[in-house]
Structure formats: structure tokens, C-alpha cells
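Peer 1: model the following, please.
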Amino acid sequence: MQVLKEALRVKENTIFDLLQHTFYERDFAYFIKLAVHLGDVTGYDNRKAIKFGELSQLLYLSSLLHYSLTEDTTNTQQLRAEKQMPVLLGDLIYGRFISMLTNTGNTGYLPLYLTYLKVFNANGVEELEGRMVFDMHHAVQILTEKTAEIMASASGVAVAVVQNEANQYFQTHWDAEQGEKVTTFAALEAMM
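Peer 2: Numbering: from 1, shown residues only. Prediction:
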């Protein structure tokens, strides 16, 4: 989890210092717990499962920050003035996701993650244009499915088996395990 904490630092600051965003425990732990659970189900090495969980968690956090663009934004001036920092930090975290993917030798899984990003970005644009309502609940469900595909591929287990397990995990854990608000880096470190 040290990798995740380091990814959330910007020089002497953290994302908590730079953003006015409400985070919850699940924003930092859901995908790691999911990957460990799927690792247990498939017999996959726990440490390796945690690495995949951290990758998905970073991608989720990047998406969460970008998603904040569509929340409570009433006009273009507000979008420019108030949303620049979340976009920049989301891009920074996404860059750290790519670095981690590369440094751990897992670039072969990039197409699965890109499938998620394609859907996320297309839906985000449609929501900004007022053509649909898109929420992070749906995004998490999609990334849960992609994480399951990656875990299935890594462990050599049938995708359908792992996908079913991941869907059940999502249904029982995402809404139920929001957790406490995490408002400082110290609170995040205590959680981990």
C-alpha cells in the first residue's frame, strides 16, 4: 500500500491539501480488497494480487477526480476556475498508474484497462453534453469487471468464474462499505 500512498503525494503536499473533495475509505481500499478476494478464490499469489488491486485503485482515483468535473458545475467559467486542479491531479495519478503498470512488467494488461477508460471517457463526455446521466457507481462496476478479467488472465482461471465472483463482490461491498470520510493524509495512513 506504500505505492498508493506515494502516488497521492505532490512534492510536500497530498491530494487532501490540494483538493476540496470528500473521500471515503473505499476510495483507497475497494479494489485492493477485491483483488485479494479474487486472488483467494483463484489461488493467485496475495502479493501479486495486491499489486493489481493498487493499479485498479489508482485508475479509479484518477477517474474519480476527473468525474468531479461534472458534479455541481453550472457553467464554463466555473469549470475553468474550480476544476483545473482535479483534472491535473487526476492526470498525475493516471501517469503514476501507467508508470506502475510499466515498472511491474504488466503492460500486457493495458488493453483491458483501456477498455474501461474508453467507456468512462465516452460516458463522461455524454454527461457533460447533457445526453446521459453517468455516475461513479457505474464506473466502479465496469472497473470491477476489468479487474476480474485481469485477475482471471493472471491466474489462468476462466474469466466467467472470476467475473461472477467479482460481480457478487461489487453487489455486496461497494455500497455497504463506504467507510468513514478520509480528510487527511494521516487518516489515510492510519487506515492502511
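Peer 1: and whatever helix or strand residue 160 lives in, what does it pack onto?
Peer 2: Secondary structure assigned from DSSP states H and E places residue 160 in helix 159-173. Contacts defined by 3 or more C-beta pairs under 8 Å, 6 or more residues apart in numbering; DSSP states H and E place helix 159-173 against helix 26-42, helix 136-155. Any C-beta I mention is one placed from the backbone N, CA and C, and that applies to glycine too.
Peer 1: how many neighbours does residue 20 have?
Peer 2: By the criterion of other C-beta atoms under 10 Å, residue 20 has 9 neighbours.
Peer 1: would you point out which residue is most central in the protein?
Peer 2: By C-alpha atoms, centre = their mean, the chain has its centre lying nearest to residue 60, at 1.4 Å.
Peer 1: distance of that one relative to residue 161?
Peer 2: To residue 161, residue 60 is 23 Å away according to C-beta to C-beta, to the nearest Å.
Peer 1: same thing with residue 7?
Peer 2: With C-beta to C-beta as the criterion, residue 7 and residue 161 are 31 Å apart.
Peer 1: between the two, who's got more neighbours?
Peer 2: Per other C-beta under 10 Å, whichever of residue 7 and residue 161 has more neighbours is residue 7, with 21 against 14.
Peer 1: now do the same contact list for the more buried one.
Peer 2: For residue 7, the contact set (C-beta atoms under 8 Å, 6 or more residues apart in numbering) comprises 58, 93, 96, 97, 100.
Peer 1: low-scoring stretches of this protein, by residue?
Peer 2: Counting by pLDDT under 70, the chain has low-confidence residues at 1, 69-83, 192.
Peer 1: what angle do the helix holding residue 160 and helix 136-155 make?
Peer 2: Using axes from the mean of the first three to the mean of the last three C-alpha atoms, to 10 degrees, the direction of helix 159-173 lies 140 degrees away from that of helix 136-155.
Peer 1: tell me what angle helix 159-173 forms with helix 26-42.
Peer 2: Angle between the axes of helix 159-173 and helix 26-42 is 140 degrees (criterion: the same axes, to 10 degrees).
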